[in-house]
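Quick one: sequence plus predicted model below, questions after.
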Amino acid sequence: MDKASRDVIARLVGFDTVSRRSNMALIDWVRDYLAGHGVEGRIVPNADGSKANLFATIGPMAEGGVVLSGHTDVVPVDGQAWDTDPFTLVERDGRLYGRGTADMKSFSAIALALVPEMLAAGLKRPVHLALSYDEEIGCLGAPAMIRRIAAELPRPGAVIVGEPTSMRVVVAHKGCYVLRTTVTGHEVHSAHMDRGVSAVMTAARLVNFIADMGVQAAAGADPSSPFDPPCTTMNVGIIQGGTAQNITARHCEFMWDIRPVPGDDWKGYHDRFQEFSDRLRAEMRRVSPACDIHTDVLAGAPGLAPEPAGAAAQLCHALTGRNDTGVVSYGAEAGQFQEAGLSTVMCGPGSIDQAHQPNEYIDIAQVTACERFLRDLTRRLAA
């Protein structure tokens, strides 16, 4: 592991970029770091300017370059039993500990540390760095940056999203769509339930319907699917509602998600849920016209589908010296780049098994492997 890589990893880990907070201190530091090497960082802010993406080009403005993509936000540390300060890099027993070391600041940090080498290499095709915000809460930031990349840069030949894959080439991931359903009932004393409508009990019927859709998806799963589990899944993660045990609840709200395998349209599940909601709403309004069921789609990111003879996969196979590929069941920004028409894979240092965990770490051997990977990429783009 180079000292430069370690230093930049320590810098990025030192910024508390939990998704509920701003990432601007990190983005400003990266912009200044790049400017110190004569590279312009282009900022893509969110609506209120509290967060931003950044993208930058090292090398000529030519087609056929490679995008190195990483998200800057990390998951919370609240309630986790850390042995050290999560936002101070600690090296111990061949590992680097800190929030984001695996997921996924190390990849971005190694790329930044190698910028001087990229500049000195005389690249004939460019490296494009792309750093996003709010990946962890629904891949919210990347789409605006991807649109800017498509509009302002020569067309890249490949995108490598550096999620922690232990430097294995991952060619597919599931999509992820986050929804919130709000049920409005009619309050009465529970002794007279026939005069009221319980939002909680109606929500329970809706939750059961989601569970049934999941069972049906599992029953129809392709037995040859490489995903684990092999099918589209649905989960209700949070539910809140009600006032007292002897009142038919006026309000209930639940959060749920749909994680479709590539090729399985999430809208089909959403539409079935809406049809069932419409039937329940009609029943509710026979008691009180004020009753309602409303579902908002809060976030959504498409899955990444395997690309036969994809340029990004071929490139990464050549750089890693491995021909095997993998798929993952979590969502990521790779599908958003692919949706924009760019050949995309995931390949980055660290293991997803350490992501989101207390005492998150990355093996130093993985940092070294990523340094070698990106140096080989630099030589290839300079040839």
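On my side now, so go ahead.

so how far is the first residue of stretch 36-43 from its last?
Length of stretch 36-43, first residue to last, CA to CA, to the nearest Å: 16 Å.

ok, and what's touching that stretch?
27, 30-31, 34-35, 52-58, 115-116, 119, 148, 152 (CB atoms under 8 Å, 6 or more residues apart in numbering). The C-beta positions use only the backbone N, C-alpha and C, and glycine is treated the same way.

what's the average pLDDT for that stretch?
The average pLDDT within stretch 36-43 is 98.

now stretch 227-245
96.

Show residues contacting it.
For stretch 227-245, contacts defined as CB under 8 Å, 6+ apart pick out 172, 174, 183, 187, 190, 199-200, 203, 207, 210-211, 213-214, 217-218, 220-223, 225, 249-261, 264, 266, 269, 327, 329.

buried sites along that stretch?
Buried residues in stretch 227-245, counted by 16 or more other CB atoms under 10 Å: 227, 230-234, 236, 239, 241-242.

same question, stretch 317-334
For stretch 317-334, the buried set under the neighbour-count rule, 16+ other CB under 10 Å, comprises 317, 319-320, 325-329, 331-334.

and the gap between the closest residue to residue 285 other than its chain neighbours and residue 193?
Leaving out its chain neighbours, the residue that sits closest to residue 285 by CB to CB, 6 or more residues apart in numbering is residue 291, at 5.3 Å. Residue 291 sits at a distance of 14 Å from residue 193 (criterion: CB to CB, to the nearest Å).

Equivalent analysis for residue 152, please.
60 Å.

List only buried entries from the contacts of stretch 227-245.
172, 174, 183, 187, 199-200, 203, 207, 210, 213-214, 217, 249-254, 256-261, 264, 266, 269, 327, 329.

average pLDDT across stretch 356-375?
Across stretch 356-375, pLDDT averages out at 98.

Grab the CA positions of it and hand them over as CSV.
Provided in CSV are the C-alpha atoms of stretch 356-375 (Å, rounded to 0.1, in the frame of the first residue of the first chain):
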residue,chain,number,x,y,z
HIS,A,356,-22.3,-1.2,7.2
GLN,A,357,-20.8,-3.2,10.1
PRO,A,358,-19.2,-1.8,13.4
ASN,A,359,-15.5,-1.8,13.1
GLU,A,360,-15.7,-1.7,9.3
TYR,A,361,-12.4,-2.4,7.6
ILE,A,362,-10.6,-3.1,4.4
ASP,A,363,-7.6,-5.5,4.1
ILE,A,364,-4.5,-3.6,3.1
ALA,A,365,-3.9,-6.4,0.5
GLN,A,366,-7.1,-5.2,-1.2
VAL,A,367,-5.8,-1.6,-1.3
THR,A,368,-2.6,-2.9,-3.0
ALA,A,369,-4.6,-4.9,-5.5
CYS,A,370,-6.7,-1.9,-6.4
GLU,A,371,-3.6,0.2,-6.8
ARG,A,372,-2.2,-2.4,-9.2
PHE,A,373,-5.5,-2.5,-11.1
LEU,A,374,-5.7,1.3,-11.6
ARG,A,375,-2.0,1.5,-12.6
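
Sketch out the helices for the stretch 251-383 of the chain, chain order is fine.
Along the stretch 251-383 of the chain, counting by DSSP state H, counting those that start in this stretch, helices occupy 266-285, 311-320, 334-339, 364-382.

nope, the stretch 1-150 of the chain is what I meant
Assigned by DSSP H, counting those that start in this stretch, the stretch 1-150 of the chain shows helices spanning 3-13, 24-35, 106-113, 115-120, 142-152.

Can you give me the buried ones in the shortest one?
Spelled out, it's helix 115-120. 115, 117-119.

Quick one: residues in contact with that helix.
Counting by CB under 8 Å, 6+ apart, 33-34, 37-39, 58-59, 127, 375, 378 sit against helix 115-120.

From those, list just the buried residues.
33-34, 39, 58-59, 127, 375, 378.

and the gap between residue 237 and residue 300?
16 Å.

wait, residue 138
Going from residue 138 to residue 300 by CB to CB gives 7 Å.

what's the residue closest to the geometric middle of this protein?
residue 332 (3.5 Å; CA atoms, centre = their mean).

Next, count neighbours for the nearest residue to residue 64 once chain neighbours are set aside.
Leaving aside its sequence neighbours, residue 64 sits nearest to residue 157 (CB to CB, 6+ apart; 4.2 Å). As a burial measure, residue 157 scores 17 neighbours (other CB atoms under 10 Å).

got the contact list for residue 157?
Contacts of residue 157 (CB under 8 Å, 6+ apart): 63-66, 125, 311, 315, 343.
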